[in-house]
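Engineer: take this sequence and fold it.
(2 chains)
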Number of protein chains: 2
Amino acid sequence: MKLREIGEFGFIERFSPEFKSLLTQNVTGIGDDCAVLPMNESEDLLVTTDMLVEDIHFLREGITPRQLGYKSVAVNLSDIAAMGGEPLGTFLSIAIPPEIEVEYLDELMKGYREISAKYKVPLLGGDTTQSVKHLAINVSVLGKCPKGMARLRSIAQTGDVICTTGYLGDSGGGLKVLLEKVAPTTDSNYLLNRHHLPEPRLPEGRFLQDFPGVHAMMDVSDGIASDLKHILKASGKTARVHLDKLPVSESLRKVCEDQRWNVEELATGGGEDYELLFTVEGGQLEELQEEFLRKFNQPVYPVGTIEEGEPAVQWFRNGQAVTFAKGGFNHFL
Amino acid sequence: MKLREIGEFGFIERFSPEFKSLLTQNVTGIGDDCAVLPMNESEDLLVTTDMLVEDIHFLREGITPRQLGYKSVAVNLSDIAAMGGEPLGTFLSIAIPPEIEVEYLDELMKGYREISAKYKVPLLGGDTTQSVKHLAINVSVLGKCPKGMARLRSIAQTGDVICTTGYLGDSGGGLKVLLEKVAPTTDSNYLLNRHHLPEPRLPEGRFLQDFPGVHAMMDVSDGIASDLKHILKASGKTARVHLDKLPVSESLRKVCEDQRWNVEELATGGGEDYELLFTVEGGQLEELQEEFLRKFNQPVYPVGTIEEGEPAVQWFRNGQAVTFAKGGFNHFL
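Structural biologist: Numbers count the residues shown, from 1 in each chain, chains lettered A, B, ... in the order given. As a prediction, the model looks like this:
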C-alpha cells in the first residue's frame, strides 16, 4: 500500500494510538498546533516543528533564499501564535545539496535572522548536514503560555462565533500567480508577497488567548475548509460558515476576476494564509471586535458559528445552503 | 563558494555570531549537545535535534526500517544523555518519497515505538510530508536536568581524567562491514548491530551528571579525535590521549585483523559509537570507577588527561608521542 492511499493523517492514525500509553499526565501530544507540557507553576511549554522540502513545499527558483529563511521560521511561529503563546527559541535542521553556494545559504540565514530579530526569538541549536539533491529545512520552536491557557482545538463551544484575523486565500492566490506565471501587477505582487512572507500573528494570538470568551484557536495552514474540520473533530461540534462573509482582499478579488479563478475556492481551500482561526462566545464578540480594532488597527472577521452536530462544515451563501463540488460551491440540487 | 570548502562548522560560524545578540540570560545556545534553558526553580530544559537523510546517513537497503526508526531516536536521546538529562518527549518530522510502502513506515514506527517504550519517552508531535526522492527524518527531543547541572562541553578542568563509557570504533567497524560487504560472522554481526542499534547511555549519563567531580561531557558521534576537540575548544585546554588505553572490543580487534583494517584509526575516527566521553577530577576517578562498575556492571575507561595548553589532542602509544597521518598513527619523524 502506498502512502497516498491513506494520506498524511491516515499514516498518523496508524501509529499514534500505540504511543498513547507513553503519554504522561497534563501533556497534550499529537493533534494540535503545538504540544503542551507542564513547565513551571505559572507557565506551560509549547513545542512545534515543521519541515519544508524543496520541490514539495517550494521551488528553488520560485522563492528567494531570504524569503525562504523568513518563511521557514514564520510558519512555525504561527503555530505558537495559534496557542496564544510567546516563542522562546528556534532550532534549525538543514540538509543541503552539494551544489548550493554558500552565498545562497548566507541569504537564507539573513531571512531567518530578520524574522528572529523582529519577534526577538533566539536560534538555539540545530543540525547542518548534506543532502543528495533537495534542500530540506526543519524548524522546531519552543514557546510558553500561561498555565492551562493554551488555546486548544478541542475547546470550541456551541454558540461560539468563528472568526479569522485577516484575509483568506491570498497565499493560495500567490501560489497560483507563481505557478501560472501571471504578469506582475501591484495586485499579483501583493499576493506573491503574502505567499512568500507570511506574518505570524503572535501579538494577536496572545491578545486572543487572554481575552475572555475566546475558546478554540488554530492557524490557517491548509485552508479553512480543511483546518476548521480539525477544530470540529476535536471539539465534537458542527459549523455553519457563510461564504459571503469570508474576508477576501481587493487584490485577490481583482486577480481572480482577471484570471477567471474561483475566489471562493481560494478563500476556503487555499493554504498557507497563517491567519488565526478562532471561536469566541457570541456575547463577547462585539467587545472583542472593538478592542481588537483599537489594538491592532485591523478588524476580526466573523465567518460562521459553532453548533451541536456532526463534525462537518455546512456552507451558506447569502443565507442559502450550498455544497462544494468540483468547480466550486453550488446550491443543493 | 561551495559548502564543502568551508564545511558544516564553517557554515555555522558564518551565521551564529549574528544571532548572539538575541540570546536571553541563562540560556546556552548553539555549540553543545543540547541547548539549555531555564524551566523552573529546580530544573533546566534541554533541547536537541538531529536529521538523518537517505544516501547521506543511511542506505535504505543497508538498514531495516525498524532499525532506522530505533536509531533516529537513539542518536537524539544520546544528546540528552550527554548533558546528564532525562528525556521528556520526542518530535518526529518525516519527509517520505512517493514509492515507499506504508508497511515500510509501519516497521519504522515500530522501531521508534520500541526505543520510546524502553526509555519511557512519549512521541509528542511532528510533521509528516512528502519528499521527491529521499527519505529524511528529523527528530527533536526535549529533556530536563537539575538546574545549573547540565554537563557542558566547556567545563573540563586541568588535571581531569578523560573517560569513555564503552568500546570505541565498533560502529565505524560496522559501517565498514556494511560498505565492504564483509561475510557475516559473530564478530561482524556484533559490529553491524552496534552500528544499527546504538544504545543511548541515559542511566549512565544521569549517574555521571550527579557524581561529584565529573565536569565536561558529550557523546561520541564523530569519533573521539574530532569530538574531544569540541571539549578542548570550549574549555580552552589541551589533552593527552593514550592509544593503548582506548577500549576496543574483541570483535573489532578480530575483524580488523582479518580485514587488515587499522584498529586505532577506527577507535579514534570512527563515528556513531554514542558512548559518553567525559572528564572527571583525578582524585575522584577511583571511586567513580568502583561505583560505576557496581551500578552498571560495566567499567569506565580512562583514556587520557586534560592539561593546560592549546585546544588539540596529543596522542601517545605506550608512553611515546605519536602523530596521525594518512595510514595511521606514527611516531614523530
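
Engineer: those helices in chain A, which residues are they?
Structural biologist: For chain A, the helices defined by DSSP state H occupy A:3-19, A:65-82, A:102-118, A:170-179, A:186-196, A:202-210, A:224-235, A:250-259, A:263-269, A:285-296.

Engineer: residues contacting residue A:94?
Structural biologist: Residues near residue A:94 by C-beta atoms under 8 Å, 6 or more residues apart in numbering or on different chains: A:126-129, A:135-138, B:51. Where you see a C-beta, it was placed from the backbone N, CA and C, and this is true even at glycine.

Engineer: kindly recompute the last result at 10 Å.
Structural biologist: A:52, A:69, A:72, A:105, A:108-109, A:112, A:126-129, A:131, A:135-139, B:8, B:11, B:51, B:138 (C-beta atoms under 10 Å, 6 or more residues apart in numbering or on different chains).

Engineer: what pLDDT does it get?
Structural biologist: At residue A:94, the model reports a pLDDT of 95.

Engineer: got a pLDDT number for the residue lying closest to residue A:123 once chain neighbours are set aside?
Structural biologist: In space, and not counting its chain neighbours, residue A:123 is closest to residue B:19: 4.6 Å by C-beta to C-beta, 6 or more residues apart in numbering or on different chains. pLDDT, residue B:19: 85.

Engineer: residue contacts, residue B:19?
Structural biologist: By C-beta under 10 Å, 6+ apart, the contact list for residue B:19 reads A:90, A:109, A:112-113, A:116-117, A:121-124, B:29-30.

Engineer: out of these, which end up buried?
Structural biologist: A:90, A:109, A:112-113, A:116, A:121-124, B:29-30 (16 or more other C-beta atoms under 10 Å in any protein chain shown).

Engineer: from memory residue A:58 sits against residue A:135, does it?
Structural biologist: Yes - counting by C-beta atoms under 10 Å, residue A:58 does reach residue A:135; the two are 8.5 Å apart.

Engineer: any shared contact partners between these two?
Structural biologist: With C-beta under 10 Å, 6+ apart, residue A:58 and residue A:135 have common neighbours A:52, A:68.

Engineer: chain neighbours aside, what residue packs nearest to residue A:145?
Structural biologist: residue A:85 (4.0 Å).

Engineer: relative to residue A:33, how far out is the one you found?
Structural biologist: Note on residue A:85: its distance to residue A:33, by C-beta to C-beta, to the nearest Å, is 9 Å.

Engineer: and the closest residue to chain B within chain A, what does it touch?
Structural biologist: For chain A and chain B, the shortest gap (C-beta to the nearest C-beta) falls at residue A:40, measuring 3.5 Å. Counting by C-beta under 10 Å, 6+ apart, residue A:40 touches A:144, A:147, B:38-43.

Engineer: distance between stretch A:246-253 and the chain's centre?
Structural biologist: Centre-to-centre, stretch A:246-253 and its host chain are 18 Å apart (C-alpha atoms, centre = their mean, to the nearest Å).

Engineer: using CSV, list the CA coordinates for it.
Structural biologist: Provided in CSV are the C-alpha atoms of stretch A:246-253 (Å, rounded to 0.1, in the frame of the first residue of the first chain):
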residue,chain,number,x,y,z
LEU,A,246,-15.2,35.3,4.3
PRO,A,247,-12.7,38.2,4.2
VAL,A,248,-11.1,38.5,0.8
SER,A,249,-8.6,41.2,-0.2
GLU,A,250,-9.4,43.6,-3.1
SER,A,251,-6.2,42.3,-4.8
LEU,A,252,-7.3,38.7,-4.7
ARG,A,253,-10.7,39.7,-6.0
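
Engineer: buried stuff in it?
Structural biologist: Buried residues in stretch A:246-253 (16+ other C-beta under 10 Å): A:246-249, A:251-252.

Engineer: now render those as a markdown table, adding distance to residue B:229 and pLDDT.
Structural biologist: Shown next, in a markdown table, are these (distance: C-beta to C-beta, whole Å; pLDDT from 0 to 100):
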| residue | distance to residue B:229 | pLDDT |
| --- | --- | --- |
| A:246 | 58 | 96 |
| A:247 | 56 | 97 |
| A:248 | 57 | 97 |
| A:249 | 54 | 97 |
| A:251 | 54 | 97 |
| A:252 | 55 | 97 |
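
Engineer: now, the most widely separated pair of those?
Structural biologist: The span of the buried residues of stretch A:246-253, defined through C-beta to C-beta, is set by A:246 and A:251 at 15.0 Å.

Engineer: where does chain A have its least confident helix or strand?
Structural biologist: Using mean pLDDT, DSSP states H and E, the weakest-scoring helix or strand in chain A turns out to be strand A:328-331, at a mean of 65.

Engineer: and for the closest residue to residue A:152 other than its chain neighbours, the neighbour number?
Structural biologist: Excluding the flanking residues, the one nearest residue A:152 by C-beta to C-beta, 6+ apart is residue A:32, at 5.6 Å. For residue A:32, the neighbour count with other C-beta atoms under 10 Å in any protein chain shown is 24.

Engineer: ditto for residue A:221
Structural biologist: Residue A:221 has 21 neighbours, counted by other C-beta under 10 Å.

Engineer: pretty sure it contacts residue A:271?
Structural biologist: Yes - the pair residue A:221 / residue A:271 is scored as a contact, 6.0 Å apart, by C-beta under 10 Å.

Engineer: pull up the overlap in contacts between those two.
Structural biologist: Going by C-beta under 10 Å, 6+ apart, residues that sit against residue A:221 and also against residue A:271 are A:171, A:227.
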